[in-house]
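A.B. asks: I'll drop the sequence and a predicted model, then ask my questions.
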Amino acid sequence: MAELIIKVRQRSTVVPEKAILPLRDRSSGVWIKNTEASRRWAPLDPFLSSIPTFIHRDVYDSIHAHALKGVPDEIGGALLGHWSVDGNRYFLTIAYVLHLHQGPWCGRTRLIFPHEFVWALDRFVQELKVQDPTVLRLGLYHSHPGYGVFLSSTDLRMLAGFFNEPWHTAMVVDPYSGDEGLFFRRDNRIAPRGALYVLRPREIETPPRRRVAFSNEFLEAGGRA
């Protein structure tokens with residue numbers, strides 16, 4: 001289960017940007033991963049169902065590698081990217097990740113995102129906005145080493161209280177099974193796990209990884225522009 005020390009504030013006036021759905025863009029290339037839930041597209045009202053989510057392959061691999069590195073403890077990080085609409089189809093694209101490295105905030109069944117992480121995340125977002133002005137905080141991910149993909153009561157409270165915008169999601173990864181799931185809160189309930197689509201690597205330059213000072217540890221940021 002994951003806890004956030006302070007609330008991450010996000011503007012509620014954000015509107016989705018117009019973009020081409022990757023499944024309609026043949027140049028993007030899509031590898032379908034984890035479609036346990038319905039593949040129905042979100043209708044015009046984004047609160048009615050889970051939103052299909054696309055994630056860049058390097059970010060996807062980085063999250064799973066980070067979760068595996070953290071075992072037997074829980075570990076996590078922040079998901080950043082875009083909330084978009086193509087016609088009446090809403091979708092998310094996870095383009096960047098900021099990892100929280102191991103420390104006293106990690107435990108076998110508990111993970112705390114401390115104040116320093118939130119401050120580092122704010123700085124990282126400001127850096128990203130220089131080259132990617134529409135980037136948003138999409139939510140957090142954390143691992144459940146060996147005990148499955150679900151939201152604990154603590155996770156549910158965090159999602160309800162801190163990440164309750166239509167573009168917010170919570171990602172849970174089990175590094176032992178390799179499974180993952182995305183969860184959304186809709187109308188005071190948790191929507192079914194949404195479909196996750198992993199974008200194949202593209203022949204474009206990936207921004208170099210950067211280390212962000214954080215006490216005696218460091219945060220590693222990466223992603224695709």
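C.D. replies: Sure, I can see it.
A.B. asks: When you work out contacts or count neighbours from here on, use the C-alpha atoms and nothing else.
C.D. replies: OK.
A.B. asks: Report the helix or strand with the lowest average pLDDT across the protein.
C.D. replies: Sorting the helices and strands of the chain by mean pLDDT, DSSP states H and E puts strand 210-214 at the bottom, at a mean of 42.
A.B. asks: Give the burial count for the residue nearest to G148 when sequence neighbours are not counted, as a bare number.
C.D. replies: Sequence neighbours aside, D174 is the residue nearest to G148 in space, at 5.8 Å (criterion: CA to CA, 6 or more residues apart in numbering). Counted with other CA atoms under 10 Å, residues neighbouring D174 total 23.
A.B. asks: One more: G148?
C.D. replies: Neighbour number of G148 under other CA under 10 Å is 18.
A.B. asks: could you give me the average pLDDT of the top helix by length along the chain?
C.D. replies: The helix that spans the most residues within the chain, counting by DSSP state H, is helix 115-131. Averaging the model's pLDDT scores along helix 115-131 yields 92.
A.B. asks: just stretch 81-98 next, same as before
C.D. replies: 91.
A.B. asks: any idea how far Q126 lies from Q102?
C.D. replies: Applying CA to CA, to the nearest Å, the value for Q126 to Q102 is 24 Å.
A.B. asks: Neighbour count: these two, which is higher?
C.D. replies: The neighbour comparison of Q126 against Q102 (other CA under 10 Å) goes to Q102, with 20 against 14.
A.B. asks: Surely that one is in contact with G70?
C.D. replies: Yes. Judged on CA atoms under 8 Å, Q102 makes contact with G70 at a distance of 6.7 Å.
A.B. asks: so where's this protein shaky on pLDDT?
C.D. replies: The chain contains residues with pLDDT under 70 at 1-12, 23-50, 160-162, 187-188, 192, 201-225.
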